[in-house]
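Q: Model the following, please.
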Amino acid sequence: MTITNLTCSSCQTSNRIPSDRLGDKPKCGKCQEQILQGYPLELTTANVTTVLDGNSVPVLVDCWAPWCAPCKSFAPIFEQAAQQLEPRLRLAKLNTEAEPQFGDLWQIRSIPTLILFKEGLESARMSGALPLNQLKKWLLEQGV
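A: Modelled structure (predicted):
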């Protein structure tokens, strides 16, 4: 039996789920909330390590800012992607204005920037807002 590690959307606890049960809407062992809720996780200094390292599926991070018009227009597309791509991919959002240290650490030069992490390490990045079908195509090219 293959086990998948997933970070709970509500309490950020890492849960071990049998891979063949991912479609059964698994609940968190700690808070009893549904682990996969069909929306991106919010990344902060407090949870970024847990989210990036606590998921055995790839994590796609949308680096954005509240004043950025392309970021705002991309937000509903990113939410749609979360609804459609979980559980084979986790989606997370990082507000670069609220968490500026990650802009430096991850060398974010423009927003929105999408960074794909696999096993906690960056594996690909793309700058700019994309329509949903192009986002999915890019993810397929990355092996997701």
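Q: Now do the same for Gly82: helix, strand or coil?
A: Quick fix: residue 82 reads Ala, not Gly. Here Ala82 is helix, with the state taken from DSSP: H, G, I helix; E, B strand; the rest coil.
Q: can I assume it is in contact with Leu91?
A: Yes. Judged on C-beta atoms under 8 Å, Ala82 makes contact with Leu91 at a distance of 4.2 Å. All C-beta atoms are positioned from the backbone trio N, CA, C, and that covers glycine.
Q: what residues do those two have in common as contacts?
A: Pro40 (C-beta atoms under 8 Å, 6 or more residues apart in numbering).
Q: what's the pLDDT at Gln80?
A: Among the per-residue scores, Gln80 holds a pLDDT of 96.
Q: Find the nearest non-adjacent residue to it, please.
A: Leu132 (5.6 Å; C-beta to C-beta, 6 or more residues apart in numbering).
Q: Please name the nearest non-neighbouring residue to Gln37.
A: Ser9 (4.3 Å).
Q: The one you found touches Gln34, doesn't it?
A: Yes. Between Ser9 and Gln34 there is a contact at 7.4 Å, judged by C-beta under 8 Å.
Q: Which one's more surrounded, the two?
A: Ser9 (23 against 14; other C-beta atoms under 10 Å).
Q: Now do the contacts for that one.
A: Contacts of Ser9 by C-beta under 8 Å, 6+ apart are 33-37, 39, 41.
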